[in-house]
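Asker: The following comprises the amino acid sequence and a computationally predicted model.
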Amino acid sequence: MEPENGFIQEFKVKGGDFSKAGSISTEIKEILQEVGIDSSIIRRVAIASYEAEMNMVMYSRKGEVSFILDSVKILIKTSDEGPGIEDIDKAMQEGFSTATDEMREMGFGAGMGLPNIKKHSDEFKITSEIGKGTNLSITFYLEQQNKQ
Amino acid sequence: MKLREIVNLLDAEIMSGAENMDEEIKLAGASDLMSDVLAFGQPGLILLTGLTNPQSVRTADIIEAKAIVYVRGKKPDADGIALAQKKKIPILSTQFMMFKACGILYRNGITGVSDPKDKS
Ligand SMILES: Nc1ncnc2c1ncn2[C@@H]1O[C@H](COP(=O)(O)OP(=O)(O)OP(=O)(O)O)[C@@H](O)[C@H]1O
Ligand SMILES: [Mg+2]
(Lines give C-alpha, C1' and ligand atoms only; values in the text may rest on other atoms or scores of the structure.)
(Ligands and ions follow the chains in the order given, each with its own letter.)
Protein backbone atom coordinates (compact mmCIF):
# COMPACT_ATOMS: atom_id res chain seq x y z
CA MET A 1 0.00 0.00 0.00
CA GLU A 2 1.27 3.47 -0.89
CA PRO A 3 -0.03 5.91 1.70
CA GLU A 4 0.16 9.00 -0.51
CA ASN A 5 -1.58 7.84 -3.64
CA GLY A 6 -3.70 5.40 -1.77
CA PHE A 7 -4.45 1.79 -2.42
CA ILE A 8 -6.57 0.79 -5.38
CA GLN A 9 -7.92 -2.59 -6.30
CA GLU A 10 -10.33 -3.54 -9.03
CA PHE A 11 -12.62 -6.52 -9.19
CA LYS A 12 -14.77 -7.94 -11.96
CA VAL A 13 -18.34 -9.05 -11.40
CA LYS A 14 -20.19 -11.52 -13.60
CA GLY A 15 -23.94 -11.03 -13.75
CA GLY A 16 -25.91 -14.08 -12.62
CA ASP A 17 -22.94 -15.74 -10.93
CA PHE A 18 -24.59 -16.32 -7.57
CA SER A 19 -22.02 -18.84 -6.38
CA LYS A 20 -19.36 -16.11 -6.16
CA ALA A 21 -21.73 -13.30 -5.17
CA GLY A 22 -20.32 -11.55 -2.14
CA SER A 23 -16.74 -12.72 -2.51
CA ILE A 24 -15.51 -9.26 -3.55
CA SER A 25 -17.00 -7.71 -0.43
CA THR A 26 -15.39 -10.42 1.68
CA GLU A 27 -12.06 -9.62 0.08
CA ILE A 28 -12.46 -5.88 0.66
CA LYS A 29 -13.34 -6.62 4.27
CA GLU A 30 -10.20 -8.72 4.68
CA ILE A 31 -8.01 -5.97 3.22
CA LEU A 32 -9.49 -3.41 5.63
CA GLN A 33 -8.95 -5.76 8.55
CA GLU A 34 -5.33 -6.26 7.56
CA VAL A 35 -4.75 -2.52 7.32
CA GLY A 36 -6.29 -2.11 10.76
CA ILE A 37 -9.27 0.09 9.95
CA ASP A 38 -11.79 0.61 12.77
CA SER A 39 -14.15 -2.35 12.93
CA SER A 40 -17.34 -0.27 12.88
CA ILE A 41 -16.24 1.33 9.61
CA ILE A 42 -15.29 -2.07 8.16
CA ARG A 43 -18.75 -3.34 8.92
CA ARG A 44 -20.43 -0.40 7.17
CA VAL A 45 -18.18 -0.77 4.12
CA ALA A 46 -18.77 -4.52 3.98
CA ILE A 47 -22.56 -4.17 4.14
CA ALA A 48 -22.70 -1.43 1.50
CA SER A 49 -20.34 -3.17 -0.88
CA TYR A 50 -22.16 -6.49 -0.46
CA GLU A 51 -25.49 -4.85 -1.31
CA ALA A 52 -23.91 -3.21 -4.37
CA GLU A 53 -22.25 -6.45 -5.43
CA MET A 54 -25.48 -8.43 -5.03
CA ASN A 55 -27.33 -5.89 -7.16
CA MET A 56 -24.77 -6.26 -9.93
CA VAL A 57 -24.98 -10.04 -9.79
CA MET A 58 -28.79 -9.91 -9.74
CA TYR A 59 -29.48 -7.24 -12.33
CA SER A 60 -26.47 -6.58 -14.56
CA ARG A 61 -24.64 -8.52 -17.26
CA LYS A 62 -21.25 -7.64 -15.90
CA GLY A 63 -19.51 -4.95 -13.98
CA GLU A 64 -16.55 -3.70 -12.03
CA VAL A 65 -15.97 -2.73 -8.45
CA SER A 66 -13.10 -0.38 -7.58
CA PHE A 67 -11.97 -0.20 -4.02
CA ILE A 68 -9.91 2.85 -3.13
CA LEU A 69 -8.36 3.51 0.25
CA ASP A 70 -6.39 6.64 1.09
CA SER A 71 -5.56 8.51 4.27
CA VAL A 72 -8.98 10.15 4.59
CA LYS A 73 -11.51 7.82 3.06
CA ILE A 74 -12.63 4.55 1.61
CA LEU A 75 -14.31 4.78 -1.75
CA ILE A 76 -16.24 1.97 -3.43
CA LYS A 77 -17.13 2.60 -7.04
CA THR A 78 -19.20 0.26 -9.13
CA SER A 79 -20.09 0.42 -12.77
CA ASP A 80 -22.09 -2.18 -14.58
CA GLU A 81 -23.43 -2.98 -18.01
CA GLY A 82 -27.07 -3.82 -17.72
CA PRO A 83 -30.65 -2.59 -17.92
CA GLY A 84 -30.06 0.52 -15.83
CA ILE A 85 -32.63 1.92 -13.43
CA GLU A 86 -35.68 3.66 -14.82
CA ASP A 87 -36.68 5.70 -11.79
CA ILE A 88 -33.86 6.17 -9.30
CA ASP A 89 -36.06 7.90 -6.71
CA LYS A 90 -38.35 4.91 -6.72
CA ALA A 91 -35.45 2.43 -6.56
CA MET A 92 -34.13 4.29 -3.51
CA GLN A 93 -37.37 3.70 -1.60
CA GLU A 94 -37.42 0.88 0.92
CA GLY A 95 -39.49 -1.97 -0.45
CA PHE A 96 -39.24 -1.19 -4.15
CA SER A 97 -37.89 -4.20 -6.00
CA THR A 98 -38.05 -5.82 -9.40
CA ALA A 99 -36.37 -9.00 -8.15
CA THR A 100 -37.52 -12.30 -9.63
CA ASP A 101 -38.97 -15.18 -7.60
CA GLU A 102 -35.64 -16.95 -7.94
CA MET A 103 -33.83 -14.04 -6.30
CA ARG A 104 -36.43 -13.90 -3.54
CA GLU A 105 -35.96 -17.60 -2.85
CA MET A 106 -32.28 -16.87 -2.35
CA GLY A 107 -33.14 -14.42 0.41
CA PHE A 108 -32.94 -11.19 -1.57
CA GLY A 109 -35.32 -8.82 -3.29
CA ALA A 110 -36.86 -6.96 -0.38
CA GLY A 111 -35.98 -3.62 -1.90
CA MET A 112 -33.71 -2.75 1.00
CA GLY A 113 -30.31 -2.75 -0.71
CA LEU A 114 -29.96 0.76 -2.12
CA PRO A 115 -31.48 2.47 0.96
CA ASN A 116 -29.18 0.34 3.10
CA ILE A 117 -26.12 1.45 1.12
CA LYS A 118 -27.16 5.05 1.65
CA LYS A 119 -27.77 4.49 5.36
CA HIS A 120 -24.35 2.96 5.97
CA SER A 121 -22.25 5.37 3.90
CA ASP A 122 -21.22 8.99 4.38
CA GLU A 123 -21.76 9.90 0.74
CA PHE A 124 -23.71 8.01 -1.87
CA LYS A 125 -24.09 8.84 -5.54
CA ILE A 126 -26.02 6.84 -8.07
CA THR A 127 -26.33 7.43 -11.78
CA SER A 128 -27.94 5.19 -14.31
CA GLU A 129 -28.70 5.10 -17.99
CA ILE A 130 -31.51 2.96 -19.35
CA GLY A 131 -30.19 0.13 -21.46
CA LYS A 132 -26.59 0.93 -20.56
CA GLY A 133 -25.92 0.47 -16.91
CA THR A 134 -25.63 1.81 -13.40
CA ASN A 135 -22.81 3.51 -11.50
CA LEU A 136 -22.46 3.90 -7.77
CA SER A 137 -19.98 5.93 -5.78
CA ILE A 138 -19.97 5.16 -2.07
CA THR A 139 -17.70 7.06 0.33
CA PHE A 140 -16.78 6.39 3.95
CA TYR A 141 -14.63 8.83 5.91
CA LEU A 142 -12.04 7.47 8.26
CA GLU A 143 -12.22 10.36 10.75
CA GLN A 144 -15.29 8.90 12.36
CA GLN A 145 -12.78 6.60 13.92
CA ASN A 146 -11.65 9.52 16.07
CA LYS A 147 -15.13 10.77 16.89
CA GLN A 148 -16.04 7.63 18.79
CA MET B 1 -24.90 -17.14 27.49
CA LYS B 2 -22.24 -19.31 25.97
CA LEU B 3 -22.79 -20.81 22.54
CA ARG B 4 -22.55 -24.29 24.06
CA GLU B 5 -25.63 -23.53 26.18
CA ILE B 6 -27.49 -22.58 23.03
CA VAL B 7 -26.47 -25.92 21.54
CA ASN B 8 -27.99 -27.64 24.58
CA LEU B 9 -31.17 -25.56 24.66
CA LEU B 10 -31.83 -26.14 20.97
CA ASP B 11 -30.59 -29.72 21.05
CA ALA B 12 -28.52 -28.70 18.06
CA GLU B 13 -25.99 -30.45 15.94
CA ILE B 14 -22.68 -28.61 15.52
CA MET B 15 -21.88 -28.50 11.81
CA SER B 16 -18.77 -26.34 12.10
CA GLY B 17 -16.87 -24.24 14.62
CA ALA B 18 -16.91 -26.73 17.53
CA GLU B 19 -13.84 -24.95 18.90
CA ASN B 20 -15.81 -21.70 19.40
CA MET B 21 -18.41 -22.93 21.86
CA ASP B 22 -17.23 -20.51 24.54
CA GLU B 23 -18.35 -17.47 22.52
CA GLU B 24 -20.64 -15.26 24.58
CA ILE B 25 -24.01 -14.62 22.92
CA LYS B 26 -26.46 -11.92 24.04
CA LEU B 27 -28.37 -11.07 20.91
CA ALA B 28 -30.24 -12.92 18.21
CA GLY B 29 -31.96 -12.16 14.94
CA ALA B 30 -34.17 -14.48 12.90
CA SER B 31 -35.03 -14.20 9.23
CA ASP B 32 -35.03 -16.04 5.95
CA LEU B 33 -34.64 -12.73 4.22
CA MET B 34 -30.99 -11.76 3.86
CA SER B 35 -32.04 -8.26 2.74
CA ASP B 36 -33.51 -7.70 6.21
CA VAL B 37 -30.58 -9.29 7.98
CA LEU B 38 -28.28 -6.85 6.20
CA ALA B 39 -30.52 -3.89 6.98
CA PHE B 40 -31.31 -4.64 10.62
CA GLY B 41 -28.57 -6.97 11.84
CA GLN B 42 -26.34 -5.91 14.71
CA PRO B 43 -22.78 -7.11 15.24
CA GLY B 44 -22.40 -10.07 17.55
CA LEU B 45 -25.85 -11.51 17.00
CA ILE B 46 -26.61 -15.15 16.42
CA LEU B 47 -28.55 -15.60 13.20
CA LEU B 48 -31.47 -18.04 13.08
CA THR B 49 -32.53 -18.85 9.55
CA GLY B 50 -34.06 -21.46 7.31
CA LEU B 51 -32.14 -20.28 4.29
CA THR B 52 -29.29 -22.66 3.61
CA ASN B 53 -27.51 -21.26 0.56
CA PRO B 54 -23.94 -19.90 0.75
CA GLN B 55 -25.42 -16.38 0.82
CA SER B 56 -26.70 -17.06 4.33
CA VAL B 57 -23.12 -17.65 5.48
CA ARG B 58 -21.81 -14.74 3.43
CA THR B 59 -24.42 -12.45 4.94
CA ALA B 60 -23.62 -13.64 8.47
CA ASP B 61 -19.95 -12.89 7.85
CA ILE B 62 -20.68 -9.44 6.44
CA ILE B 63 -22.79 -8.37 9.43
CA GLU B 64 -20.33 -10.00 11.85
CA ALA B 65 -22.73 -12.53 13.27
CA LYS B 66 -21.23 -14.79 15.93
CA ALA B 67 -22.93 -17.96 14.75
CA ILE B 68 -25.70 -19.31 12.55
CA VAL B 69 -28.51 -21.62 13.64
CA TYR B 70 -30.34 -23.39 10.84
CA VAL B 71 -33.86 -24.22 11.97
CA ARG B 72 -36.35 -27.00 11.15
CA GLY B 73 -33.57 -29.54 10.61
CA LYS B 74 -32.01 -27.69 7.73
CA LYS B 75 -28.35 -27.88 6.93
CA PRO B 76 -26.23 -25.67 4.71
CA ASP B 77 -24.83 -27.14 1.52
CA ALA B 78 -21.15 -28.06 1.21
CA ASP B 79 -20.23 -24.61 -0.16
CA GLY B 80 -21.88 -22.96 2.82
CA ILE B 81 -20.05 -25.19 5.31
CA ALA B 82 -16.72 -24.61 3.56
CA LEU B 83 -17.24 -20.85 3.70
CA ALA B 84 -18.25 -20.99 7.37
CA GLN B 85 -15.12 -22.95 8.21
CA LYS B 86 -12.96 -20.50 6.32
CA LYS B 87 -14.61 -17.54 8.04
CA LYS B 88 -14.63 -19.33 11.40
CA ILE B 89 -18.37 -18.95 11.86
CA PRO B 90 -19.88 -21.70 14.01
CA ILE B 91 -22.86 -23.43 12.44
CA LEU B 92 -25.59 -25.19 14.36
CA SER B 93 -28.58 -27.12 13.09
CA THR B 94 -31.71 -27.62 15.22
CA GLN B 95 -34.83 -29.66 14.57
CA PHE B 96 -37.03 -26.95 16.10
CA MET B 97 -39.14 -24.71 13.94
CA MET B 98 -38.18 -21.05 13.75
CA PHE B 99 -40.77 -19.79 16.25
CA LYS B 100 -39.94 -22.38 18.85
CA ALA B 101 -36.18 -21.98 18.49
CA CYS B 102 -36.56 -18.20 18.93
CA GLY B 103 -38.94 -18.65 21.87
CA ILE B 104 -36.54 -20.93 23.70
CA LEU B 105 -33.67 -18.47 23.30
CA TYR B 106 -35.82 -15.48 24.26
CA ARG B 107 -37.13 -17.22 27.36
CA ASN B 108 -33.56 -17.90 28.38
CA GLY B 109 -32.51 -14.28 28.21
CA ILE B 110 -31.30 -13.75 24.66
CA THR B 111 -32.63 -10.44 23.39
CA GLY B 112 -33.55 -9.36 19.88
CA VAL B 113 -31.96 -6.67 17.74
CA SER B 114 -33.53 -3.22 18.06
CA ASP B 115 -36.72 -2.62 16.14
CA PRO B 116 -36.38 -0.26 13.16
CA LYS B 117 -38.19 2.55 14.98
CA ASP B 118 -35.76 2.42 17.90
CA LYS B 119 -32.98 3.46 15.59
CA SER B 120 -32.10 7.10 15.31
N1 LIG C 1 -27.14 -2.41 -10.73
C2 LIG C 1 -28.45 -2.36 -11.03
N3 LIG C 1 -28.85 -2.48 -12.32
C4 LIG C 1 -30.17 -2.43 -12.63
N5 LIG C 1 -31.16 -2.25 -11.74
C6 LIG C 1 -30.81 -2.14 -10.43
C7 LIG C 1 -29.45 -2.18 -10.02
N8 LIG C 1 -29.42 -2.02 -8.67
C9 LIG C 1 -30.70 -1.88 -8.29
N10 LIG C 1 -31.54 -1.95 -9.34
C11 LIG C 1 -33.03 -1.78 -9.31
O12 LIG C 1 -33.39 -1.11 -8.13
C13 LIG C 1 -34.28 -1.92 -7.36
C14 LIG C 1 -34.01 -1.69 -5.90
O15 LIG C 1 -32.71 -2.15 -5.55
P16 LIG C 1 -32.40 -2.56 -4.04
O17 LIG C 1 -31.02 -3.05 -3.95
O18 LIG C 1 -32.79 -1.42 -3.15
O19 LIG C 1 -33.46 -3.72 -3.75
P20 LIG C 1 -33.46 -5.23 -4.30
O21 LIG C 1 -32.12 -5.56 -4.87
O22 LIG C 1 -34.62 -5.38 -5.18
O23 LIG C 1 -33.69 -6.04 -2.96
P24 LIG C 1 -32.61 -6.26 -1.79
O25 LIG C 1 -31.46 -5.35 -2.05
O26 LIG C 1 -33.35 -5.93 -0.53
O27 LIG C 1 -32.23 -7.68 -1.85
C28 LIG C 1 -34.00 -3.33 -7.83
O29 LIG C 1 -35.08 -4.21 -7.60
C30 LIG C 1 -33.74 -3.11 -9.32
O31 LIG C 1 -34.94 -2.93 -10.01
MG1 LIG D 1 -30.35 -5.14 -3.75
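Answerer: On my side now, so go ahead. Numbering: from 1, shown residues only, chains lettered A, B, ... in the order given. Ligands and ions are numbered 1, 2, ... in the order given.

Asker: any chance you could map the strands in the chain?
Answerer: Defaulting to chain A. According to DSSP state E, chain A carries its strands in the segments A:7-14, A:62-69, A:73-81, A:123-129, A:133-141.

Asker: wait, I meant chain B there
Answerer: B:13-16, B:27-30, B:46-49, B:67-70, B:91-93, B:111-112.

Asker: got the ones you listed as CSV, with mean pLDDT, mean neighbour count and distance to A:Gly109 columns?
Answerer: Bear in mind the C-beta positions are built from the backbone N, C-alpha and C, glycine included. Formatted as CSV, the strands of chain B follow (pLDDT from 0 to 100; neighbours: other CB atoms under 10 Å in any protein chain shown; distance: least, CB to CB, whole Å):
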stretch, mean pLDDT, mean neighbour count, distance to A:Gly109
strand B:13-16, 96, 18, 27
strand B:27-30, 97, 21, 19
strand B:46-49, 98, 24, 16
strand B:67-70, 98, 26, 21
strand B:91-93, 97, 23, 24
strand B:111-112, 94, 13, 24
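
Asker: was I right about A:Lys90 contacting A:Ser97?
Answerer: No. A:Lys90 is beyond contact range of A:Ser97, at 10.3 Å (criterion: CB atoms under 8 Å).

Asker: how about stretch A:128-148: buried residues?
Answerer: Residues of stretch A:128-148 classed as buried under the neighbour-count rule (16 or more other CB atoms under 10 Å in any protein chain shown) are A:128, A:133-140, A:142.

Asker: Do that stretch and chain B come into contact?
Answerer: No. Stretch A:128-148 stays out of contact with chain B when judged by CB under 8 Å from any CB of the partner chain, the minimum separation being 13.9 Å.

Asker: In chain A, what residue lies closest to ligand 2?
Answerer: Nearest residue of chain A to ligand 2, counting by CB to the ion: A:Gly113, 2.5 Å away.

Asker: got the contact list for that residue?
Answerer: With CB atoms under 8 Å, 6 or more residues apart in numbering or on different chains as the criterion, the residues that contact A:Gly113 are A:51-52, A:54-55, B:35, B:38.

Asker: Relative to A:Ile117, how far out is the nearest residue to A:Ile74 once chain neighbours are set aside?
Answerer: Distance criterion CB to CB, 6 or more residues apart in numbering or on different chains; nearest residue to A:Ile74, sequence neighbours excluded, is A:Phe140 at 4.4 Å. Here the distance between A:Phe140 and A:Ile117 works out to 11 Å (CB to CB, to the nearest Å).

Asker: again, but for B:Leu3
Answerer: Here the criterion is CB to CB. By it, B:Leu3 lies 31 Å from A:Ile117.
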